[in-house]
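Visitor: My questions are about this predicted structure, shown below with the sequence.
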Amino acid sequence: MAGAEGQAVLALVEQLVLRALREAAGLPASRRGPATSRLVGYCMSLLGSRMSARTPSDLALAERLGRELARARGADAPQLELREQLAELRDACDGLDDAEPTLAHEHRVAALQLLAELAGSRRSVGAAGGALGAPGGALGASGHGEARFGLAHGALVPAAHSACEADVAAVLSQRFDVAVNSRPTPAPAARAPHGKGAAAPWAERAQSAHGEAAARSAGARQPTVAAAAESAWRGGSAAEPPAPPPVWRAPARAAVREAELVRVALYAMQAVSSAHVRFDASPARDAPPFVVEPSLPAATRALLAALCELGASYAGCERFARGALSGGASRGVGADEGAVDGGGDGGGGIDADDGGHVRQALRAAVRRELDDYVRLLALLDEERLGGARAAEGGGGGGGGGGRARARLTLRKLLLWAHEPRLRLDALCALIERCVTQHGGALCNALRECSQHGDPFVAAYVGAFAAQAGAPLLRMLSAWMQHGALDDTHGEFFVAARGARGVPADTSAAGGAPGAPGGAEALWHSTYVLRAAMLPSYISAALATRVLLVGKSVRLLRECASPAEERGSGGLVALRLRGAPELRWGDVGALELFVEQAAAVVHPRVTKLVLDDGALVEQLRALRGFVLLSQGDLVQHLMDCLAPELARPAHELSRHSLLSLLDGAVRASTAAVEFSADALARLDVQLRPLPHEDGWAAFSLDYHVGDSPVAAVVTSECLRTYSRLFHFVWRLKRAEHMLALVWRQHTTLLRLFRELRVSAPMRAFQRLRHELLSFVHNMQYHAMAEVIESCWVELLEAIGKAPDLSAVCAAHAAYLRAIVDDGLFLDSAEFTEPVRDITQVAFDFAHLQGRLYDALLHADAQRRAARERARANTDAGRWATTGSGDYRHGDKELRPISHAFEAEAESLRQTFYAEFDSFFSLVSRHPSPRLASLAARLDFNGFHAARHADDSADGAHAGWTGGLGDESPLV
């Protein structure tokens, strides 16, 4: 019976093709050439295929026929005749089976679909193909519409049976050497229609074909069907030669059952190659990583391709979950694993560099998602196997087994894969965005991807961001509660110097905690913020607070005594009672957590530095010793060190200077005003200046040591203190030397009268007074207006500081106000005139000393001459007996006076030039402190008037008089 069905289908198709050729092209009805063979083979291919993944409606097919007809004939297309013939076809199909209207509808749609495929085909088949390209041409030439469409409809009904379709394919393969690609779907056997009229002959043939099903089941073989079809095609002549082979050839292949295609699709959804789908290990650029067998019907290939896309996405995600994906695309099977087969993992595994805790957490989340996907595939496979078992059980009960449908089809599988495809597509896009990131940057990329307009994508990606950010939250909690930084992969936004991606600290203060300078290094240089790893929802200010809390806990662990830790109940392991649970992206919970941690830590750290480290006491010692605010100590120090410091710098001995310093401290009130710890930290430092004297090389130093105070008084701050010391020390030295000059002057005043040099000495004393006035004003400006006022502000800021960072900021502001806003040490315009004027004072003191030495030498000569004259007189000789006798007078002292007057005049001109430059600077400066200094320097308005009348003649007359002129000021 199976052979009869194949013969019936082939005969109907042959009759339809010959009739269409005869009516369209005028060919004889009995002519059977290569074109006819190709047309029959093409029609059988169409009948055996699904032609579309979605069955269109009869109205849509009718419109398609009309469009094809209009495209073929243009404005002359008989649209009205086409509508009439389509109506006849509808009536013919409706009359086939009154009891089965659904079956009649399927017949009508199948016939229209065949005609539409024939009309829309672009295959070049010669004149006959061109005739069939316009359905109206084949259909509009005959008035027997019912008989014609009945044949077309009858040709489709047996094709629904898988066995019949296989027989027809075998017949065509043997006769025409053409493989018919078909994919049968298990469906109920076609019922014999009970229609009337023109469809009755087709009904009789269908009944006879259906009655032969038992014979086919009992063992009828395909060669019998092929022979029958061959005999029918050749008109009963077995000796007739075969028709020429068609142009298109394909290997003969049996039809693939739906159940087999579902099994292939389930494998393809896991990127597993099979007989009909092959995954490529190294696809070409912009090419899909899979290949579907081209001999399958187009609709089947489209369905399988859609499911293969899902498998390619799964393969990329699975590679990322295993750690084998380090860059590039996240879809498809990579070259490192090849085509995945049989459920193996494809090699690979976690690579040597696992990418850190955040990447591992993301991989774990992706693995859980893929596990859910695989569980869904297992359920679908169980559904497939259940359907197959049901079909086999039904088939064993009799001849109706062929009518059972598989429980899982490709279309159902595609519907089941809709939501997994959305998830895997989003996951692939996520992996492509984050595959090159790590740590906090990876979490930022996840958060950026979660900010999506689609709520499904936003929630889906947000869940992955929360799971990937969990390791960072654990690091954050450990850092703020224990001061621990376990970040071996450089993922946290707080990093230690020398860690991954952070340059090591090469400064002198970069020692390890616990060593000298350890508190400074811990607080200022050991831990920094890594901006690239900062989560996007954490602001820079909040990250700084997190860093500050962790550093405070770390400082407590390093510097607090064990007894204090035990008394506080364990400061290192802080117990934040009532602290909210940290959640990724929850800024409010994080801010509350930071506030509660800061409330526990900061008071303890502030107490540790202020009370235990005696910060204020040590700052006062720095002000008194290094900034020379302890006046009596400075005076004793100058008196003791002056002979030593007058020597070259390379001849100085630090030990001798330390002994002199200790004596000066004991002779002053500093011994009782400062603690023994502060006095023990005082030291002497000698700068390596081989070509300078001891005054330039000497400086006082103060050692902070390893106390917590080092976090506030850093090495940089100590260098600033050293700069301030040298500035104030130079002023103190100038004052001290000018005071020595005045002391010598008062001692030798009687001698000046005897030597009659009072007038020149008055000019010298006028210059000394001017220099001393400048030095005193500068000292008052530095010590009283700048250092003392800044000290008061520092004490007030320390009292209000909420944490150690505020204390450090207050001390840094204190030094910055002294250096930048008070003394302007960074401005060469300010410091150079002061340095030059103090150098004039030093040179003037040396000049005055040499003058006093010369005058004393002259007085000694005078006294010796008097003694000789007295001796001569007593001996009865003349008092002066030769040129060697000293005769005192103006002519003898005049060369000495002129020599020193010339040097003093040079120093005086230098002083006036530098003073004019300095006074012009401070008088125009907007700083209120410098305005006060300018008012004291020009207290009587003399310099302002002189500058206003600078261009007039004699403006400098009061400044250029000779040293011998009498001055009313002295």
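Guide: Nice, thanks for sending it over. Since the structure is predicted, the reported quantities are computational estimates derived from the model, not experimental observations.

Visitor: Where does pLDDT dip in the stretch 751-900 of the chain?
Guide: 754, 756-760, 879-897 (pLDDT under 70).

Visitor: ends of stretch 611-624, how far apart?
Guide: 20 Å (C-alpha to C-alpha, to the nearest Å).

Visitor: So residue 878: helix, strand or coil?
Guide: coil (DSSP: H, G, I helix; E, B strand; the rest coil).

Visitor: Just give the number of residues close to it.
Guide: For residue 878, the neighbour count with other C-beta atoms under 10 Å is 11. Bear in mind the C-beta positions are built from the backbone N, C-alpha and C, glycine included.

Visitor: which residues does it contact?
Guide: By C-beta atoms under 8 Å, 6 or more residues apart in numbering, residue 878 lies in contact with residue 872.

Visitor: any weak-confidence spans in the stretch 101-250 of the chain?
Guide: Low-confidence segments of the stretch 101-250 of the chain (pLDDT under 70): 101-107, 117-250.

Visitor: Phi first, then psi, for residue 693.
Guide: phi -90, psi 180 (degrees, to the nearest 10).

Visitor: residue contacts, it?
Guide: 645-649.

Visitor: Show me which pair in the residues you listed is furthest apart.
Guide: 646 and 649 (10.9 Å; C-beta to C-beta).

Visitor: Look at the two and report which has more neighbours.
Guide: More neighbours surround residue 649 than the other of residue 646 and residue 649, with 19 against 10 (other C-beta under 10 Å).

Visitor: Roughly how far does the more buried one sit from residue 728?
Guide: Separation of residue 649 from residue 728 (C-beta to C-beta, to the nearest Å) stands at 20 Å.

Visitor: circling back to that earlier point, and the contacts of residue 693 as TSV, adding distance to residue 318 and pLDDT?
Guide: Shown next, in TSV, are those (distance: C-beta to C-beta, whole Å; pLDDT from 0 to 100):
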residue	distance to residue 318	pLDDT
645	80	91
646	85	89
647	83	90
648	80	90
649	75	89
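
Visitor: Which of those sits closest to residue 676?
Guide: The closest of these, once distances to residue 676 are taken by C-beta to C-beta, is residue 645, at 27.2 Å.

Visitor: Skipping adjacent residues, who's closest to that closest one in space?
Guide: Nearest residue to residue 645, sequence neighbours excluded (C-beta to C-beta, 6 or more residues apart in numbering): residue 694, at 3.5 Å.

Visitor: Neighbours of the one you found, how many?
Guide: Neighbours around residue 694, by other C-beta under 10 Å: 21.

Visitor: One more: residue 538?
Guide: By other C-beta under 10 Å, neighbour count at residue 538 equals 19.

Visitor: again with residue 792
Guide: Using other C-beta under 10 Å, residue 792 has 9 neighbouring residues.

Visitor: which SSE is it in?
Guide: helix 789-800 (DSSP states H and E).

Visitor: Now the element after that helix, going C-ward?
Guide: Downstream of helix 789-800 (by DSSP H and E), the next one is helix 804-816.

Visitor: residue contacts, residue 671?
Guide: Listed by C-beta under 8 Å, 6+ apart, the contact partners of residue 671 are 665, 679.

Visitor: With just CA atoms, put stretch 768-783 into CSV.
Guide: C-alpha atoms of stretch 768-783 as CSV (Å, rounded to 0.1, in the frame of the first residue of the first chain):
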residue,chain,number,x,y,z
ARG,A,768,74.1,100.6,63.3
HIS,A,769,70.9,102.1,64.6
GLU,A,770,69.2,101.8,61.2
LEU,A,771,70.3,98.2,60.9
LEU,A,772,69.2,97.3,64.4
SER,A,773,65.8,99.0,63.9
PHE,A,774,65.2,96.9,60.8
VAL,A,775,66.3,93.7,62.6
HIS,A,776,64.1,94.4,65.6
ASN,A,777,61.0,95.1,63.5
MET,A,778,61.6,91.9,61.5
GLN,A,779,61.9,89.9,64.7
TYR,A,780,58.8,91.4,66.2
HIS,A,781,56.9,90.7,62.9
ALA,A,782,58.1,87.1,62.9
MET,A,783,57.8,86.2,66.5
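
Visitor: so what's residue 363 up against?
Guide: 320-323.

Visitor: on that earlier part again, now for the helix holding residue 792, which elements pack on it?
Guide: In terms of contacts (3 or more C-beta pairs under 8 Å, 6 or more residues apart in numbering; DSSP states H and E), helix 789-800 is packed against helix 615-621, helix 804-816.

Visitor: want to throw those into TSV with mean neighbour count and distance to residue 470?
Guide: As requested, the helices and strands packed on helix 789-800 are exported to TSV (neighbours: other C-beta atoms under 10 Å; distance: least, C-beta to C-beta, whole Å):
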stretch	mean neighbour count	distance to residue 470
helix 615-621	19	40
helix 804-816	18	29
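
Visitor: As CSV, those helices with distance to residue 661 would be great.
Guide: Formatted as CSV, the helices and strands packed on helix 789-800 follow (distance: least, C-beta to C-beta, whole Å):
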stretch, distance to residue 661
helix 615-621, 14
helix 804-816, 24
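
Visitor: quick one: which of these is nearest residue 629?
Guide: Using C-beta to C-beta, the helices and strands packed on helix 789-800 put helix 615-621 closest to residue 629, at 8.8 Å.

Visitor: for the closest one, what is the average pLDDT?
Guide: The average pLDDT within helix 615-621 is 94.

Visitor: same thing with stretch 261-273?
Guide: Here the average pLDDT along stretch 261-273 is 90.

Visitor: same question, stretch 62-81
Guide: For stretch 62-81, the per-residue pLDDT averages 69.

Visitor: Stretch 946-962 too?
Guide: Averaged over stretch 946-962, pLDDT sits at 49.

Visitor: cool, and stretch 277-295?
Guide: 81.

Visitor: again with stretch 480-497
Guide: 86.

Visitor: for that stretch, how far is the first residue from the last?
Guide: With C-alpha to C-alpha as the measure, stretch 480-497 spans 18 Å from end to end.

Visitor: From the contacts of residue 363, which land in helices?
Guide: Under the assignment DSSP state H, the contacts of residue 363 contribute 320-322 to helices.

Visitor: Could you pull up phi and psi at residue 537?
Guide: The phi/psi pair for residue 537 (degrees, to the nearest 10) is phi -90, psi 0.

Visitor: Neighbours of it, how many?
Guide: Neighbour count of residue 537, defined by other C-beta under 10 Å: 15.

Visitor: so which of the ones in helices among the contacts of residue 363 is the most crowded?
Guide: residue 320 (25 neighbours).

Visitor: one step back: closest one to residue 753 among the helices and strands packed on helix 789-800?
Guide: Comparing the helices and strands packed on helix 789-800 under C-beta to C-beta, the one sitting nearest is helix 615-621, at 49.0 Å.
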